[in-house]
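Chemist: Sequence and predicted model, in that order:
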There are 2 protein chains.
Amino acid sequence: MIPSDPKELIDQARAGDRACLARLISRIEHRNHETKTIVELLYRYTGRAEVWGITGPPGAGKSTLVDRLLTKLRAEGKRVAVIAVDPSSPFSGGAILGDRIRMQSHTADSGVYIRSLGTRGRHGGLSHSTKEAVLALDAADFDVILVETAGVGQTELDILRLAQTVIVILVPESGDSIQVMKAGLMEIADVFAVNKSDRPEADKLVKELTLNIGLNPHDEKSWITPVCKTEANRDVGVEELLKQIHLHQEYLNRSGARVAKTRAFLREELVDILIEDLRVSLGAVFETEGGKDLLEKLLSKEIAPYEAAKVLAGQSSG
Amino acid sequence: MIPSDPKELIDQARAGDRACLARLISRIEHRNHETKTIVELLYRYTGRAEVWGITGPPGAGKSTLVDRLLTKLRAEGKRVAVIAVDPSSPFSGGAILGDRIRMQSHTADSGVYIRSLGTRGRHGGLSHSTKEAVLALDAADFDVILVETAGVGQTELDILRLAQTVIVILVPESGDSIQVMKAGLMEIADVFAVNKSDRPEADKLVKELTLNIGLNPHDEKSWITPVCKTEANRDVGVEELLKQIHLHQEYLNRSGARVAKTRAFLREELVDILIEDLRVSLGAVFETEGGKDLLEKLLSKEIAPYEAAKVLAGQSSG
């Protein structure tokens, strides 16, 4: 029996009931009046988990690498959750499951939880739901939460806003360091993994990345983004990658950067909540006669956008 | 002499002064108190241009195809503007120019204007500035405004919110129709171009796409997304692609879909403006003692996120 009361649901999810955890995340994903209640109740139990973001271009071998990391983390005795963020359609809003199925080898393991979420593309980037699903997994006592995103784009940059450690996976074919810079990955990576590193050009990419990282201003206290060579398929180099991620987490604690990051994330969470509220209330205003009139006036150029927005703000708060 | 007064600047840009047009768009891009004034003044002159969105995965040959379309549109006597949206870094916010330089062959032509804009990644997708830059080009009397975006991601889906006709460019290597579906491209495309169609597998992709399009519910009045085969490099099939785009524009007029789209875009513009205002005012609140206290209380779990957001909303409007 899955309880419908949010508090009971959370208690049972925290006690290890997987069906309740799954239901909890679904409720967060569906975004209704209950979402707020659930998040408020969850919040007090959060703050313990490490959140790692894993990103990189399609075909870089992210899923395989995540699978390897997962196995090693389990060997360390850690409880691990994976959120795979799939691109979703702007209309249907749903996630289409792809190669995640492969990770099903872990489903019998109660220390592993794997979940796909859609990006709910309409309003940009990693959805607010993803951030709140992380809260649920944190509250459910997972030690490490891996958020894996597909492709390179806005979604990837948004990982910044929820992961303490961002791991960027590249392959020699994904281009040179100029491309990496263009995508903004140089600035978001805490650890680079050059995967499929048996291929030609891998050493060149490693060298270029290392050179570029060295050019950034830094002192002896700074974190210097390491560049790891991996072959996820053959489980080569993954141990070293994991070691570097752990070192970054230690650095976060030592330097006070963890608290600063958490503060910045919370700030963004508050902004997200208020933007969501604004969208909902504007949606309602556009259904009223006043809202419809305003749009028609804008369409006929009787009024200009910023002036109309001002009127709308009045209608929305009034 | 470039005038600093917004009204004079707009008048000269509309009279054909390229330096003034460039300055105008820069002012829109830089987002300050002047931006509102500029947009309000521009707005009355807008609504005539056709806005086409061009998107597709990296390496699909978007720039070459845009270049071909541009040349053909010029031969039709149309004035054409291109906005190339480059991925930008989440920290620096600036666009990094890439292969746009190639399009410089048109710079001597006063009927062509080409401009790169960054995505200003921080808050997701095609920036608000891009939409407002389109207004400037519309007011400056361009017949067709081509908005080209790099890569596949949120940014691409956001083209929906400003383009009347969305052209999705694919190549046989970019995967099968399942991949296309996963990226949400099936639903946003008004016209498909399968570029590099001399390559093996091109016919297979065309067939799959056509089949999938046929599966969508439609009647004799619906627009059925055509699938065009192109080889932009050799200028093959571009004529037919252009014809299909023109047909889609005629369809928009005939069906009333143009007005419906414009209404939806304007609605989004109003929402964008109010979200931008909200971000600005929240940014200010976080600098106050009250805002800082609130964050610390959230950090120490004295308060939960939705409750904190409510308090914040009070501080922001008060």
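Modeler: Cool, got the structure. The shown structure was predicted, so the numbers you read here are calculated from the model rather than taken from an experiment.

Chemist: what number of residues lie near A:Tyr113?
Modeler: If you count neighbours by other Cβ atoms under 10 Å in any protein chain shown, A:Tyr113 ends up with 21. (Glycine included, C-beta is placed from N, CA and C.)

Chemist: So it, which state does it fall into?
Modeler: strand (DSSP: H, G, I helix; E, B strand; the rest coil).

Chemist: Got phi/psi on the nearest residue to it once chain neighbours are set aside?
Modeler: Leaving aside its chain neighbours, A:Tyr113 sits nearest to A:Ala81 (4.4 Å; criterion: Cβ to Cβ, 6 or more residues apart in numbering or on different chains). Phi and psi for A:Ala81, reported as degrees, to the nearest 10, are phi -120, psi 140.

Chemist: residues near A:Ala81, how many?
Modeler: Look at A:Ala81: counted by other Cβ under 10 Å, it has 27 neighbours.

Chemist: and it, what is it in contact with?
Modeler: For A:Ala81, the contact set (Cβ atoms under 8 Å, 6 or more residues apart in numbering or on different chains) comprises A:Val112, A:Tyr113, A:Ile114, A:Arg115, A:Leu137, A:Ala140, A:Phe142, A:Val144, A:Ile145, A:Leu146.

Chemist: and the last one, that's in a strand?
Modeler: Yes - following the definition three-state DSSP, A:Leu146 is counted among the residues of a strand.

Chemist: Quick one: neighbours of A:Asn40, just the number.
Modeler: Check again: residue A:40 is Glu, not Asn. Using other Cβ under 10 Å, A:Glu40 has 16 other residues around it.

Chemist: Would you mind listing the buried residues in the strand or helix carrying it?
Modeler: Using DSSP states H and E, A:Glu40 falls within helix A:33-43. Buried residues in helix A:33-43, counted by 16 or more other Cβ atoms under 10 Å in any protein chain shown: A:Thr35, A:Lys36, A:Thr37, A:Ile38, A:Val39, A:Glu40, A:Leu41, A:Leu42, A:Tyr43.

Chemist: Same check on stretch A:301-318?
Modeler: Here stretch A:301-318 shows A:Ile303, A:Ala304, A:Pro305, A:Tyr306, A:Glu307, A:Ala308, A:Ala309, A:Val311, A:Leu312, A:Ala313, A:Gln315, A:Ser316 as buried, counting by 16+ other Cβ under 10 Å.

Chemist: Quick check: the two most widely separated of those residues?
Modeler: Pairwise distances across the buried residues of stretch A:301-318 peak at 18.4 Å for A:Ala304 and A:Ser316 (criterion: Cβ to Cβ).

Chemist: what's the average pLDDT for the helix holding A:Glu40?
Modeler: Average pLDDT, helix A:33-43: 92.

Chemist: do the next helix or strand after it and chain B meet at all?
Modeler: Following helix A:33-43 in sequence order, the next helix or strand is strand A:50-55 (DSSP H and E). No - with Cβ under 8 Å from any Cβ of the partner chain as the criterion, chain B is not reached by strand A:50-55; the gap is at least 11.4 Å.

Chemist: Show me what strand A:50-55 is packed up against.
Modeler: Counting contacts by 3 or more Cβ pairs under 8 Å, 6 or more residues apart in numbering or on different chains; DSSP states H and E, strand A:50-55 packs against helix A:62-75, strand A:144-149, strand A:165-170.

Chemist: tilt between the second one and strand A:165-170?
Modeler: Looking back up the chat, that one is strand A:144-149. For strand A:144-149 against strand A:165-170, the angle by axes from the mean of the first three to the mean of the last three Cα atoms, to 10 degrees is 40 degrees.

Chemist: Tabulate the CA atom coordinates of strand A:144-149 in PDB.
Modeler: Taking Å, rounded to 0.1, in the frame of the first residue of the first chain, the C-alpha atoms of strand A:144-149 are listed here in PDB:
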ATOM      1  CA  VAL A 144      25.800  10.200  -3.700                       C
ATOM      2  CA  ILE A 145      23.300  11.500  -6.300                       C
ATOM      3  CA  LEU A 146      24.500  11.500  -9.900                       C
ATOM      4  CA  VAL A 147      22.700  13.700 -12.300                       C
ATOM      5  CA  GLU A 148      23.400  12.800 -15.800                       C
ATOM      6  CA  THR A 149      22.300  14.900 -18.700                       C
END
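
Chemist: That strand - contacts with which helices or strands?
Modeler: Against strand A:144-149 (3+ Cβ pairs under 8 Å, 6+ apart) you get strand A:50-55, helix A:62-75, strand A:80-86, helix A:128-139.

Chemist: what residue ranges in the stretch 51-200 of chain A are flagged as low confidence?
Modeler: Low-confidence segments of the stretch 51-200 of chain A (pLDDT under 70): A:86-105, A:107, A:119-126, A:150-157, A:174-183.

Chemist: For chain B, tell me whether stretch A:213-221 is touching it.
Modeler: No - Stretch A:213-221 stays clear of chain B (Cβ under 8 Å from any Cβ), getting no nearer than 11.4 Å.
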